[in-house]
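Asker: Return atomic coordinates for the entry below.
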Amino acid sequence: MVVALDVGGTGMKCALVGTDGTVRHSERHPTLADRGPAAVLDNITDVADGLAAKARADGLTPIAAGVAVPGVVDEANGVAVWSSNVGFRDVPVRARLEARLGFPAALGHDVRVGGIAEARLGAGRGRGHVLFVAIGTGIAAALVVGGAGYSGAHGAAGELGHIVLRPGGTACPCGQAGCLEAYTSARAIGRRYAELSGEPGATAYDVVTRLETEELARTVWQEAVDVLADGLIIAQALYDVDVLVLGGGLAEAGEALLGPLRTAFADRVTFHRTPEIVRAELGDEAGCLGAALLALDHLETT
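Answerer: Okay, the predicted model is just below:
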């Protein structure tokens, strides 16, 4: 078994995953981010140790651990360089895990490991070049080539949400203006609809559920789809992938998103090779599965 944890700002998805990619046991725990980064790290190691004990109690052998966290991750050294959601700054997560567990551990970026899982086990399986794009509160991407995720020189590759598509446009939390994320994230879509409808607290879910009955919802949705298509055509020009896999909360809209997005993408194609655009298959298991795959890869190399 591989001990796998997908750590978010509020909660952790945790699992025991077989070397064949089968989830044998799963749990959920609060992250405890409000208690500070030291408490989060203690919590991660405690939960991982508990999962290892669970495996042994079931007659199974834990052989490695994989943990996924948001932010900037130095995968080679197992260090969480920067993760605002959980307060990590240069935290040696892998070393702490290995000291506690007594077997090898790996640390990865949450979206990147999700992309690895989708590329090997999910919607991108059988394809050599996959771009996984997670669209939720924010937007991030993972390029996976031959089953391996690309992290970049500093562990910060994949910030697709922060390419500027509308210079001088809507302010983005990153400090720039006109970013993809400022127009196409679930948060941005909900905010835009709330502004135009005068309905405080409206969400992207409200927009999706009103597409059949309301012109304003259709207008807001199409605006977001058009910006997303602009971003993805740039990504395809850079990466030339076989398949674009869309995950995250917004992808739950299914064909309501994929249908108009495929049309908008096709309208923008000139010299590009058009990839297949599909919805992710693994849901919220992708992070744990990807963390487990990363751990197995690390085990092979060590």
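Asker: Report pLDDT for the closest residue to G169 other than its chain neighbours.
Answerer: Spatially, and ignoring its direct neighbours in sequence, G169 is nearest to G178 (3.4 Å; C-beta to C-beta, 6 or more residues apart in numbering). Bear in mind the C-beta positions are built from the backbone N, C-alpha and C, glycine included. Note on G178: pLDDT of 97.
Asker: what do you get for T302?
Answerer: 84.
Asker: try F103
Answerer: Per-residue confidence (pLDDT) for F103: 97.
Asker: Who does the helix or strand that contains R28 pair with, and is each partner parallel or antiparallel?
Answerer: R28 is part of strand 23-30, with elements assigned from DSSP states H and E. Looking at strand 23-30 with DSSP bridges, its partner strands are strand 11-17 (antiparallel).
Asker: tell me the contacts of the residue lying closest to D74 once chain neighbours are set aside?
Answerer: Nearest non-adjacent residue to D74, counting by C-beta to C-beta, 6+ apart: G155, 4.9 Å away. Residues near G155 by C-beta atoms under 8 Å, 6 or more residues apart in numbering: 72-75, 81, 109.
Asker: Let me know the closest of the residues you listed to L238.
Answerer: Nearest to L238 out of those is H109 (C-beta to C-beta; 18.7 Å).
Asker: In strands only, show me the contacts of G155.
Answerer: Among the contacts of G155, the residues falling in strands (DSSP state E) are 72-74, 81, 109.
Asker: List only buried entries from those.
Answerer: When the ones in strands among the contacts of G155 are checked for burial by 16 or more other C-beta atoms under 10 Å, the buried set is 72-74, 81, 109.
Asker: Arrange those residues in JSON lines, one row each, with pLDDT as further columns.
Answerer: Output for those, formatted as JSON lines (pLDDT from 0 to 100):
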{"residue": "V72", "pLDDT": "91"}
{"residue": "V73", "pLDDT": "94"}
{"residue": "D74", "pLDDT": "94"}
{"residue": "V81", "pLDDT": "95"}
{"residue": "H109", "pLDDT": "95"}
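Asker: Let me have these in a markdown table, adding distance to G124 as columns.
Answerer: Formatted as a markdown table, those follow (distance: C-beta to C-beta, whole Å):
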| residue | distance to G124 |
| --- | --- |
| V72 | 24 |
| V73 | 21 |
| D74 | 25 |
| V81 | 27 |
| H109 | 17 |
